[in-house]
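> How does the following fold in three dimensions:
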Amino acid sequence: MRRRRRPNRATALPGRGRIAAALAVGVVIAAAAVGALVFWGLSWSDGSSRGPKTAVIVDQLSLTQPNPAFAEEARSVLEQAGYLVDDFEGDEVTVEFYSGLALRDYDLVILRVHSGVAAVWGEVTDYVGLFTGEPYSETKYAEAEDAGLLGPATYYRGSASVFGVSPEFITSGMWGEFHGTTVILMGCDGLKSETTAQAFIRKGAKVVVGWSGRVSAKHTDKATEHLLQHLLIEGHTMRDAVALTMAEVGPDPDYDSTLGVYPSKG
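Modelled structure (predicted):
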């Protein structure tokens, strides 16, 4: 069964210390009172006994690299496996949507969103930011930006900015908790470090799947289709499903990044 949900309304969270982060698809630069963040990225279940399993496909990437066939295939596999499926696309993927994501208590969250690794004054850090589809405003979430939870995100130099969310946003800017949720990070660099995955785990997720580096939209779409089939239809463990997926689709042909699991014993 297909369901459509709208995000819960949420207010910006209080913060401290001005940070204006900027994410970019190729290279993204951001200035802050204490430093500058640079994000590199692609321009682009378990434990529930309370009725049907639920899943959400969050397709922010549809704004720049739409692939309706992926969404339909993913939904088909999920429904075949007994999930009730929500989907949110493009500009529906707002800061408020992310704020309320954990409250929805999904068993499986698929994030087809732009993402990238950050650096401070040219020094690479372990932060990975996730793009929204919401146009950036300097004043709309000023307090959350002060806390380092949000910042302007750009697909390439000179493009219009949208809001991006940091790992700190996951732990401090999301309301509620996940309850054993599986999170699939389809964008770049999701597991280049463990920081973003750790943020989801601290928020209550059970396992996070992501890429070791940059990945093309075409390759991540193909890999995720294989992963869902192995995991949900064939009933493999997550580690085995990822291993089978990599054996079939291989690393990204342009960036050589691979799909992995966090925690590594998950």
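> Given the lengthiest strand in the chain, what are its sheet partners and their directions?
Longest strand of the chain, by residue count under DSSP state E: strand 123-135. Strands that pair with strand 123-135, judged by DSSP bridges, come out as strand 115-120 (antiparallel), strand 161-165 (antiparallel).
> In terms of mean pLDDT, which of these ranks lowest?
Set side by side, these give their lowest mean pLDDT on strand 115-120, at a mean of 66.
> Touching, S115 and T132? I think so.
No. Shown here, S115 and T132 do not form a contact pair, counting by CB atoms under 8 Å, at 11.2 Å. (Each C-beta comes from the backbone N, C-alpha and C, glycine too.)
> Tell me how many other residues surround P52.
P52: 10 surrounding residues under other CB atoms under 10 Å.
> Please look at it and Y83 and confirm they touch.
Yes. At 7.1 Å, P52 and Y83 qualify as touching, with contact defined as CB under 8 Å.
> end-to-end on stretch 58-69?
14 Å (CA to CA, to the nearest Å).
> How are the helices of the protein distributed by residue range?
Counting by DSSP state H, one finds helices in the chain at the ranges 68-80, 95-100, 142-146, 167-168, 195-202, 217-228, 238-249.
> Would you reformat the ones you listed as CSV and include mean neighbour count and distance to W175?
Shown next, in CSV, are these (neighbours: other CB atoms under 10 Å; distance: least, CB to CB, whole Å):
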stretch, mean neighbour count, distance to W175
helix 68-80, 17, 25
helix 95-100, 22, 6
helix 142-146, 20, 13
helix 167-168, 21, 15
helix 195-202, 21, 15
helix 217-228, 22, 27
helix 238-249, 17, 26
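> Mind checking those helices for the one nearest to F88?
Across these, F88 has its closest neighbour in helix 95-100 (6.3 Å, CB to CB).
> What average pLDDT does the closest one get?
Rounded mean pLDDT across helix 95-100 is 97.
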